[in-house]
Each structure stands twice: as C-alpha cells, then as structure tokens.
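Engineer: Sequence and predicted structure below; questions after.
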Amino acid sequence: QVQLVESGGGLVQAGASLRLSCAASGRTFSSYSMAWFRQAPGKEREFVAGISWGDGSAKYADSVKSRFTISRDNAKNTVHLQMNSLKPEDTAVYYCAVKIAPFYIVVVAAGQVDYWGQGTQVTVSS
C-alpha cells in the first residue's frame with residue numbers, strides 16, 4: 001500500500017497563491033506518475049496537473065495552464081502544486097494521486113489512479 005498525505009490547503013482571496021504538497025510513503029515502486037485532481041461540490045473529480053517520474057514531463061488542465069505549476073522531488077517522494085492567481089472557481093477539495101507507471105507516463109484520468117490521498121480543501125473567496 002501507498003499512503004499519500006496532502007498539506008497546504010486553506011482559505012484565500014482571489015488573486016492569491018497557495019502551495020500544496022503531497023508526501024508518499026509505504027510501499028515503494030521503481031517509477032510512478034503523480035498528479036493532482038480536484039472535486040468541487042456537486043461536480044465530478046477532475047484532473048488538474050500530472051507529472052512523470054523519469055523526465056518530469058508535466059500536463060495541465062486547460063483551466064489552470066499558466067497559473068499552476070506541478071513539481072516533484074523523487075528522492076523525497078513528494079509532489080507540489082504551486083497555485084497562483086487563484087480564482088473562486090478553483091475552490092474544491094484537492095487530491096494527490098499516484099499511478100504506478102513507466103518513466104515517461106503522466107497520469108491524467110481518475111480511472112488510471114492506483115492510490116489517492118485524503119484530500120485538502122482549497123477555498124478562494126471573491
């Protein structure tokens with residue numbers, strides 16, 4: 001089993017920044033993609049950003065491109081999401097996710113995820 005623990009959520013005003021972090025522990029694998037998803041009340045869980053193990057290739061949802069940046073530290077089994085210029089529509093519970101995958105694969109769909117974190121709330125007021 002893999003345990004994922006998120007941190008860094010909170011309540012901010014529109015235009016502010018937040019940095020989410022996720023630490024993975026437990027069973028180890030040779031490579032895995034890490035990602036962030038989010039779920040707003042009454043909506044389905046959606047992909048936000050993902051990053052590969054090998055070369056750090058990243059993919060983003062169109063709604064967050066140029067505002068959010070995903071990064072990872074393989075030595076520490078951590079992934080971060082820097083969120084800038086936050087908007088009220090970014091309000092959601094943000095989930096860290098892991099997919100066991102070859103070096104260059106980036107997880108982008110909830111159905112691909114092998115492990116989920118418990119989630120951290122991000123609330124952006126207008």
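Structural biologist: Arrived safely, thanks for sending. Worth saying up front: this structure is predicted, and the values here are computed from it rather than measured.
Engineer: any idea where the strands of this protein begin and end?
Structural biologist: For the chain, strands defined by DSSP state E occupy the ranges 2-7, 10-13, 18-26, 32-39, 46-51, 58-60, 68-73, 78-83, 92-100, 115-116, 120-125.
Engineer: Can I get the fourth one as PDB, trimmed to CA atoms?
Structural biologist: Included here for strand 32-39 are C-alpha records, laid out as PDB according to Å, rounded to 0.1, in the frame of the first residue of the first chain:
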ATOM      1  CA  TYR A  32       5.200   6.200 -10.700                       C
ATOM      2  CA  SER A  33       3.400   9.300 -12.000                       C
ATOM      3  CA  MET A  34       2.000  11.700  -9.500                       C
ATOM      4  CA  ALA A  35      -0.900  14.100 -10.100                       C
ATOM      5  CA  TRP A  36      -3.400  16.400  -8.600                       C
ATOM      6  CA  PHE A  37      -7.100  16.200  -9.100                       C
ATOM      7  CA  ARG A  38      -9.900  18.300  -7.600                       C
ATOM      8  CA  GLN A  39     -13.600  17.900  -6.800                       C
END
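Engineer: my guess is residue 11 meets residue 88, correct?
Structural biologist: No. Judged on C-beta atoms under 8 Å, residue 11 makes no contact with residue 88 at a distance of 11.6 Å. No exception for glycine: its C-beta is placed from N, CA and C like everyone else's.
Engineer: If residue 115 is in a bridge, with which residues?
Structural biologist: Following DSSP bridges, residue 115 is listed with bridge partners residue 98.
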